[in-house]
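Chemist: quick one, structure for this:
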Amino acid sequence: MRKMAVYCGAYSGGPVYEQAARELGEWLVANQFELVYGGGGVGLMKTLAEAVLSAGGTVHGVMPENLYARGAALAGLQNLEVVSDMAARKKRMLALADACVALPGGAGTLEEISEAFSWARVGDNASPCAFYNVAHYYDSLATFYDQMVEKGFLSAADRSKLLFTADLSALGQFIDHYTPPVLRTYPKQG
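Modeler: The predicted structure follows:
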């Protein structure tokens, strides 16, 4: 069974995003993915995890101690791993994941998927990374990544390794056919 790390908001963002989280949860189970997520019992995190569980799937939560102590965990979650801090959480989620996807979310969601993609570019993450671009939420970010290529800060080959899509079939195809970026080599210094 493959595992997908899904980064998403601790806020719901509204009905269109809640519905997308439910659809993604059902898609995960139908496509034989277990969910790896932040362990939260609020916002899109809760909606997603409950959708996976309702569809008969498996959920793995990874939560830092400080959030666990504040009661942020999904009640009754059987597979919850409490780690020391957010850095340990991100590292553990990547270690468990065969793919990384971001639902709409805030700064934390963006930071987590950006780190996963960045680590892929340096050889520390072999998993495909994608943005589930519900209702065009990530359109401006996709344009920004294109600008990175245009301005010479990201290669076109590496940009092609990051998907923005609202189509779960396209997401599945991307994951199934993904190969990690070719690692950049550097000339020896003097």
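Chemist: quick one: contacts for N125?
Modeler: 94, 100, 116-117, 119, 180 (CB atoms under 8 Å, 6 or more residues apart in numbering). Any C-beta I mention is one placed from the backbone N, CA and C, and that applies to glycine too.
Chemist: at 6 Å instead, please
Modeler: The neighbours of N125, taking CB atoms under 6 Å, 6 or more residues apart in numbering as the test, are 94, 116, 119.
Chemist: next one: E26
Modeler: 51, 55.
Chemist: quick one: which of the contacts of N125 is most hemmed in?
Modeler: Tallying neighbours with other CB atoms under 10 Å puts A116 at the head of those, with 26 neighbours.
Chemist: for it, which non-adjacent residue is closest in space?
Modeler: C100 (4.3 Å; CB to CB, 6 or more residues apart in numbering).
Chemist: following element in sequence after the host helix or strand of the one you found, please.
Modeler: Using DSSP states H and E, the element containing C100 is strand 99-102. Downstream of strand 99-102, the next assigned helix or strand under DSSP H and E is helix 107-122.
Chemist: mind listing what's buried in that following helix?
Modeler: 109-110, 112-113, 115-117, 119-121 (16 or more other CB atoms under 10 Å).
Chemist: looking at those residues, which is nearest A130?
Modeler: I113 (8.3 Å; CB to CB).
Chemist: where's that closest one relative to Q32, distance?
Modeler: Using CB to CB, to the nearest Å, we find I113 at a distance of 22 Å from Q32.
Chemist: quick one: the strands in the protein?
Modeler: Taking DSSP state E, the strands of the chain run over residues 2-7, 33-37, 59-64, 80-83, 99-102, 129-132, 162-165.
Chemist: helices or strands up against the first one?
Modeler: Using 3 or more CB pairs under 6 Å, 6 or more residues apart in numbering; DSSP states H and E as the contact criterion, the secondary-structure elements in contact with strand 2-7 are strand 33-37, strand 99-102, helix 107-122.
Chemist: need the distance between the two termini of stretch 77-97.
Modeler: 18 Å (CA to CA, to the nearest Å).
Chemist: what is the burial count for K91?
Modeler: K91 is flanked by 15 other residues according to other CB under 10 Å.
Chemist: in this structure, which spans are helices?
Modeler: 15-30, 43-54, 65-69, 86-96, 107-122, 139-150, 156-159, 168-176 (DSSP state H).
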